[in-house]
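Student: Quick check, what structure comes out for this input:
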Amino acid sequence: VQLQASGGGLVQAGGSLRLSCAASGRTFSINAMGWFRQAPGKEHEFVAYIMWSGGETHYADSVKGRFTISRDSAKSTVYLQMNSLKPEDMAVYYCAAGPTIATMNSWGKGTLVTVSS
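Tutor: Numbers count the residues shown, from 1 in each chain. Predicted coordinates:
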């Protein structure tokens, strides 16, 4: 599975961005896709995941109520709508995919989100 993330950029605090992650290759093996992020000097952090079948979602407490993960199965694409962005959301965002939540072993290159205060 190959993943291509896009949509990062520079936004002011309080603004919004939408990230996209398109999967290609053995997409039939995907049942879970998620977003993670890593800020400078900080550890890799879970952001959100979505199950391909059923659409179950789960969010980190730090983004709950502000971020929304969704999917377009026909396009094998997952989205992350980020609203009310804060400076602490600034990070490189990575998408991941796999058969289960625990086996999201395919990773895309990150996309940088910069939030100015």
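Student: so the spatially most central residue of the chain is in which element?
Tutor: Of all residues in the chain, the one closest to the mean position by C-alpha atoms, centre = their mean is residue 35, 2.8 Å from it. For residue 35, the host element (DSSP states H and E) is strand 32-38.
Student: Give me the helices and strands touching that strand, please.
Tutor: Where contact means 3 or more C-beta pairs under 8 Å, 6 or more residues apart in numbering; DSSP states H and E, strand 32-38 is packed against strand 17-24, strand 45-51, strand 67-72, strand 77-82, strand 91-98. Where you see a C-beta, it was placed from the backbone N, CA and C, and this is true even at glycine.
Student: how far is whichever helix or strand comes after the last one from where the chain is centred?
Tutor: Same thing as strand 91-98. Moving toward the C-terminus from strand 91-98, the next helix or strand (DSSP H and E) is strand 106-107. Relative to its parent chain, strand 106-107 has a centroid offset of 12 Å by C-alpha atoms, centre = their mean, to the nearest Å.
Student: In its sheet, which strands sit next to strand 106-107, and in what direction?
Tutor: In the sheet, strand 106-107 lines up against strand 91-98 (antiparallel) (DSSP bridges).
Student: Which one, of the helices and strands packed on strand 32-38, ends up nearest to residue 107?
Tutor: strand 91-98 (5.2 Å; C-beta to C-beta).
Student: Residue 50 versus the residue nearest to the centre of the chain, what's the distance?
Tutor: Using C-beta to C-beta, to the nearest Å, we find residue 35 at a distance of 9 Å from residue 50.
Student: what's around residue 34, how many residues?
Tutor: 23 (other C-beta atoms under 10 Å).
Student: Is it bridged to anything, and to what?
Tutor: Going by DSSP bridges, residue 34 forms beta bridges with residue 49, residue 96.
Student: can you pull the contacts of it?
Tutor: Contact analysis of residue 34 by C-beta atoms under 8 Å, 6 or more residues apart in numbering lists 46-50, 69, 78, 95-97, 101, 104.
Student: about what we covered before: is it correct that the residue nearest to the centre of the chain is in contact with residue 93?
Tutor: Yes. Using C-beta atoms under 8 Å, residue 35 makes contact with residue 93 at a distance of 5.9 Å.
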